[in-house]
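A.B. asks: Let's see this in three dimensions:
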Amino acid sequence: MDLSAEQEYCLKSCLLGLAVESEISALGANSTEQQLLENTVLLSLLYRDLVLRCPLFIKKPGALPELQRLLAQYAKLNAFSKKAMHSDSGYFNGFLAGLLSVGFLTPRERRCSEEADRRLASTSIETVPDGSAEPTDTVANSAEADDNEDGLHVSSAVKEGLQIIVRDMVKHGGAERLFEIVRNASAIDLLPAAYRAVMHGLTDSMLPRIQQEMADPKKVSRASTFYTLCPRRAIYGLLNMSNPLKRVSGLLNLFLARPFGARSLLQRMFESIVELPKTENQIYDVKQGLPPTYVSHVERWVSEAYDPDPSRGDYEDDEGDAEATRELTAAEREKYAELARKVLLWRPAGEAAAAPVAEEAADPGWVVSLTNYYLSGWIGAAPADYPSEDEVMSLSQDELCAVHRLISLEMRLKDKTKFVEIVGDEQLVSLMKSGIPILCEPFVEIYEHSGMADMVMALFEFINSIVQVSKQAGDDADERRRGFHDACRGLGEALYQFNRNVVVNDTSTLKDLIDWGFNFCEKVGEFSLDLDELLRPLSGSNLAAVKSELDQVRAWRKRCDQASRDDAEFNEQQPATPAIAQLLLPPTLAMVRRVVPRYVADGTGNDGSDDDDVGRLASEFAMM
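C.D. replies: Sure thing, here's the model as predicted:
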């Protein structure tokens, strides 16, 4: 199957996301660091080359035990979050897969990289990339950007300039080379040509979006009102005299405090994220159409018999998102009616004697597997407050489907409530209180010398500039474009001065973090993921199924991007990819295990290469 570059990257991202999810699920709820290192490949790679080599943990080794305890809780937290949000992937897993997508190059990506290296071999940072915005005026280039469907135009010159800069950094000592150049240039126009082209190109890429937004009089009025009413001087003084990042511990205590045992602010935030109030309202609406006896019985079943622990796996809500109303198929209606009937006939253990069910042997597998879990005892002489057997058996399919919807919603409510409780767990709260301030320490130092107050004031002036251009230029398209262009250049200069302040006053903290990121990208860039090898054994129908799911994911990503550009709410879940998971995930995992060196106790990989440093670090941290 011939894939475009976009399809190829989308498939790679999907497979890496599924692989990360598979490894996290396999870890179990209480995994140890040693199990993480020995029983996983991708997670072990991230842990060894991203976490253990992070400058923050090398300089603050006391933070590692806290992180290890958090890792031990992550698999459990991930499983409960997936169930609460009714999502196929955890909240943080997409980020991990994105980190890995930087590497694991496909053959096409590696060829493109090698071609770029050959093309740029004779270039230097004094080289102006082809088609760049040199010398200064890029107003004409912005017209080209107007036709870009993404609304954000980053020219090929910017991409080429970045490649030139990265090559130069790799050749001349990494971040130290970048810092040397920035220290010696007090303004963008004094930077080498490649740096200058990148800085100008990135700020000019905002022009199409600004022109689009400022064409709406309502948005112009809103921006003008914001600039007029915002207490700019007070904000400047506050940022100039204080360092908000030093108050992280106090803010954490505020968000994590549980006065009189009530839920914390963080838990309240997660209640909104999982839409817990929405589920409660839907349950209230469904209850209005059901007899009180049925309602109380379902609530008791959910309270006593339903376990929200994802590891149980006894009940899978086949209805999908129980909170979304949709037309059921005949097969679904029949199945849901049968499940509702079984719940209504459930009795707590000890309240009724169990009796064999004659037709159970003929039931399909899902009924047999669920029966043992649902029924503590089969119907006997039912107490008066339980639905009687005759009453239940006489219910119509529509009535039973309504009961099943209540069951599904009550289960979802219990799932979400359990997840919110885990977020407020004392051990997790303790880890956040001790770990997050340590992670913020380098940013406290960076903030001290960054000139953040001046940067914020530059943002205010940028807003005022584009508002004034919109009001004064009227319908003159060229004048508007030129005014927006000058405003963007002014903002770009302010942003450069902000970054330069950080670089000039850096005590190696930022430089170490940049080198750490470079080293990780270089590490994962060594690995390959041959998609052609994965797709070659598939039959025509299987290839068609994979391509169909791939197109659905790409369409979903475009809708997501469009909603982001339009500032619109977007709650659509990423489409499921069962064919990709079934057909391509097993060979992908096998390929990853083949190309990535495995951790072993003596600190070496399975390819015979030495990694004594990582082995030593892991051993030291394990003994803390």
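A.B. asks: What sits closest to residue 496 if chain neighbours are left out?
C.D. replies: Distance criterion C-beta to C-beta, 6 or more residues apart in numbering; nearest residue to residue 496, sequence neighbours excluded, is residue 188 at 5.2 Å. All C-beta spots, glycine's among them, are computed from the backbone N, C-alpha and C.
A.B. asks: What's the local residue count around the one you found?
C.D. replies: 20 (other C-beta atoms under 10 Å).
A.B. asks: you'd agree residue 26 is up against residue 42?
C.D. replies: No - the criterion here is C-beta atoms under 8 Å, and residue 26 misses it with residue 42 at 11.3 Å.
A.B. asks: So between these two, which is more surrounded?
C.D. replies: residue 42 (23 against 13).
A.B. asks: so who does that one touch?
C.D. replies: 16, 19, 20, 23, 96, 100, 592, 596 (C-beta atoms under 8 Å, 6 or more residues apart in numbering).
A.B. asks: out of these, who's nearest residue 220?
C.D. replies: Taking C-beta to C-beta as the measure, residue 220 lies nearest residue 96 of the contacts of residue 42, at 41.1 Å.
A.B. asks: contacting residues for the closest one?
C.D. replies: Counting by C-beta under 8 Å, 6+ apart, residue 96 has contacts 20, 42, 43, 46.
A.B. asks: can you do 10 Å?
C.D. replies: 16, 17, 19, 20, 21, 23, 24, 42, 43, 46, 50, 90 (C-beta atoms under 10 Å, 6 or more residues apart in numbering).
A.B. asks: what does residue 258 give?
C.D. replies: Residue 258 touches 264, 265, 266, 267, 424, 426, 429, counting by C-beta under 10 Å, 6+ apart.
A.B. asks: Identify each buried residue in stretch 236-255, please.
C.D. replies: Neighbour-count burial for stretch 236-255 flags 236, 239, 245, 248, 252 (criterion: 16 or more other C-beta atoms under 10 Å).
A.B. asks: Could you do stretch 265-274 as well?
C.D. replies: 266, 267, 270, 271, 273, 274.
A.B. asks: returning to that earlier point: would a markdown table of the contacts of residue 96 with distance to residue 453 and pLDDT be doable?
C.D. replies: A markdown table is the format used below for those (distance: C-beta to C-beta, whole Å; pLDDT from 0 to 100):
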| residue | distance to residue 453 | pLDDT |
| --- | --- | --- |
| 16 | 41 | 90 |
| 17 | 40 | 88 |
| 19 | 45 | 90 |
| 20 | 40 | 88 |
| 21 | 43 | 84 |
| 23 | 44 | 85 |
| 24 | 42 | 82 |
| 42 | 42 | 89 |
| 43 | 41 | 86 |
| 46 | 37 | 86 |
| 50 | 33 | 83 |
| 90 | 38 | 55 |
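A.B. asks: Now the helix or strand hosting residue 222: average pLDDT?
C.D. replies: For residue 222, the element it lies in under DSSP states H and E is helix 217-229. When pLDDT is averaged over helix 217-229, the result is 91.
A.B. asks: Next: stretch 479-486.
C.D. replies: 90.
A.B. asks: let's have the chain start at 732 instead
C.D. replies: Shifting the count to begin at 732 puts that one at stretch 1210-1217.
A.B. asks: From the chain's centroid, how far away is it?
C.D. replies: 36 Å (C-alpha atoms, centre = their mean, to the nearest Å).
A.B. asks: Could you list the buried residues of it?
C.D. replies: Buried residues in stretch 1210-1217, counted by 16+ other C-beta under 10 Å: 1211, 1212, 1213, 1214, 1215, 1216.
A.B. asks: all helices of the stretch 1082-1231 of the chain, in order?
C.D. replies: 1096-1105, 1120-1124, 1128-1154, 1157-1179, 1183-1204, 1208-1235 (DSSP state H, counting those that start in this stretch).
A.B. asks: Pull the distance from the second one to the chain's centre.
C.D. replies: Between the mean C-alpha location of helix 1120-1124 and the chain-wide mean there is a distance of 48 Å, by C-alpha atoms, centre = their mean.
A.B. asks: same question, the third one
C.D. replies: Here helix 1128-1154 shows a centroid-to-chain-centroid distance of 26 Å under the convention C-alpha atoms, centre = their mean.
A.B. asks: counting contacts, what elements does it pack onto?
C.D. replies: Using 3 or more C-beta pairs under 10 Å, 6 or more residues apart in numbering; DSSP states H and E, the elements in contact with helix 1128-1154 are helix 795-816, helix 996-1004, helix 1007-1018, helix 1023-1035, helix 1061-1075, helix 1120-1124, helix 1157-1179.
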